[in-house]
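1. Following is a predicted model, sequence given first.
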Amino acid sequence: MKELKLSEKELELLNSKNGLYALLKRKNVNIKKALREVRYAERLAKKQEELIKLQNWVIENDKKLVVIFEGRDAAGKGGAIRRLTERINPRFFRIVALNKPSDDEQKQWFFQRYIGQLPNPGEMVFFDRSWYNRAVVEPVNGFCTEQEYEVFMSQVNDFEKMLIQSNTYLIKFYFSISKKEQARRFRDIKNSPLKRWKMTPVDERAQELWDSYTKYKEKMFEITDTELSPWIIIDANRKTTARLKAIQHILDEIPYK
């Protein structure tokens, strides 16, 4: 068996509280994997410190921030939002994951129920899926008519323009995963008693409708990836890397310093 040589820094990491946990939480000790996990935890903690500073700037200056997380089912949107928000002040942010619209909401202007979720001055709002449901999920699954889809696509850029011109920062993430990785994550969810609740009828058909999702996704990018409101595409096949990239983009985009 080849001897694994560790530097002083690596030994220090493994002897830390996080390092010992990463080493001992599995039956089979995997030093390389434990080191990756500890390094990720360190990098995440540093970025979370900066997010606290960013939030303080938002609060003190009455700024408004909207961050949209879109992507295929099981792309890791919810996990990324949790890492983004786990250290900041819960009184000054909201996570929005809207359910199926009510009968009254279905008769309203489509954007109306989202307007009620937008941030107040000094607040940040994170959308775990957003109005872009109508750009991809709804037409793929037959939840809207072709006319409703076309009306949405003709209005969304103007809606976002008004939002941005009303002194709101808007960041749009698309978490991109491969078909193979989505299938693997679905198997993991189904095999976990703690995760099975996540599977929905829409999720069950996601692999079957992969190509249709791709078609509508590409049309969404073509029409709504604008200079004023661009899409930030994150390779999300590795969850840890995707989370760090998303946080770093927010830190780079918002002039909190």
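-> Thanks, I have the structure now.
2. quick one: the helix or strand encompassing P139 to chain centroid distance?
-> Taking DSSP states H and E as the criterion, P139 maps to helix 137-141. Taking C-alpha atoms, centre = their mean, to the nearest Å, one finds helix 137-141 lying 20 Å from the centre of the chain it belongs to.
3. Packing partners of that helix?
-> helix 146-165, helix 210-224 (3 or more C-beta pairs under 8 Å, 6 or more residues apart in numbering; DSSP states H and E). To be clear about C-beta, it is placed using only N, CA and C from the backbone, and glycine gets the same treatment.
4. Now with 10 Å, please.
-> helix 146-165, helix 201-204, helix 210-224 (3 or more C-beta pairs under 10 Å, 6 or more residues apart in numbering; DSSP states H and E).
5. Which of those helices sits closest to L35?
-> helix 201-204 (33.5 Å; C-beta to C-beta).
6. May I see the buried residues of the closest one?
-> D203 (16 or more other C-beta atoms under 10 Å).
7. Give me the contacts around it.
-> With contacts defined as C-beta atoms under 10 Å, 6 or more residues apart in numbering, helix 201-204 is touched by 72-74, 137, 140-141, 143, 182, 185-186, 189-190, 209.
8. Low-confidence ranges, this structure, go.
-> Along the chain, the model assigns pLDDT under 70 to residues 1-4, 11-13, 15, 17, 19-30.
9. so where do the strands sit in it?
-> Taking DSSP state E as the test, the strands found in the chain are 64-71, 93-96, 123-128, 168-176, 231-235.
10. Now tabulate those in a markdown table and tack on distance to K217 and mean neighbour count.
-> Output for these, formatted as a markdown table (distance: least, C-beta to C-beta, whole Å; neighbours: other C-beta atoms under 10 Å):
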| stretch | distance to K217 | mean neighbour count |
| --- | --- | --- |
| strand 64-71 | 9 | 23 |
| strand 93-96 | 21 | 18 |
| strand 123-128 | 17 | 22 |
| strand 168-176 | 8 | 20 |
| strand 231-235 | 10 | 17 |
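11. hang on, the earlier thing: just among the contacts of helix 201-204, which is most surrounded?
-> Within the contacts of helix 201-204, most neighbours by other C-beta atoms under 10 Å means R72, with 26 neighbours.
12. Quick check: E148 touching P139?
-> Yes: the pair E148 / P139 is scored as a contact, 8.6 Å apart, by C-beta atoms under 10 Å.
13. Name the residue in the two with the higher neighbour count.
-> Between E148 and P139, counting by other C-beta under 10 Å, P139 is the more crowded of the two (23 against 15).
14. Confirm for me that that one is in contact with Q147.
-> No: counting by C-beta under 10 Å, P139 sits too far from Q147 to count as a contact (11.0 Å).
15. before we move on, the earlier item: which residues are contacting the helix holding P139?
-> Here helix 137-141 makes contact (C-beta under 10 Å, 6+ apart) with 70, 72-73, 110, 129, 132-133, 143-146, 148-150, 152-153, 201-202, 205-206, 209-217, 219.
16. Return a PyMOL selection command for the buried portion of those.
-> Only the buried entries of the contacts of helix 137-141 go into this PyMOL selection, using 16+ other C-beta under 10 Å:
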select buried, resi 70+72+73+110+129+132+133+144+149+152+153+206+213+216+217
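17. excluding its backbone neighbours, what's nearest R113?
-> E105 (5.1 Å; C-beta to C-beta, 6 or more residues apart in numbering).
18. How much space separates L251 from S178?
-> 27 Å (C-beta to C-beta, to the nearest Å).
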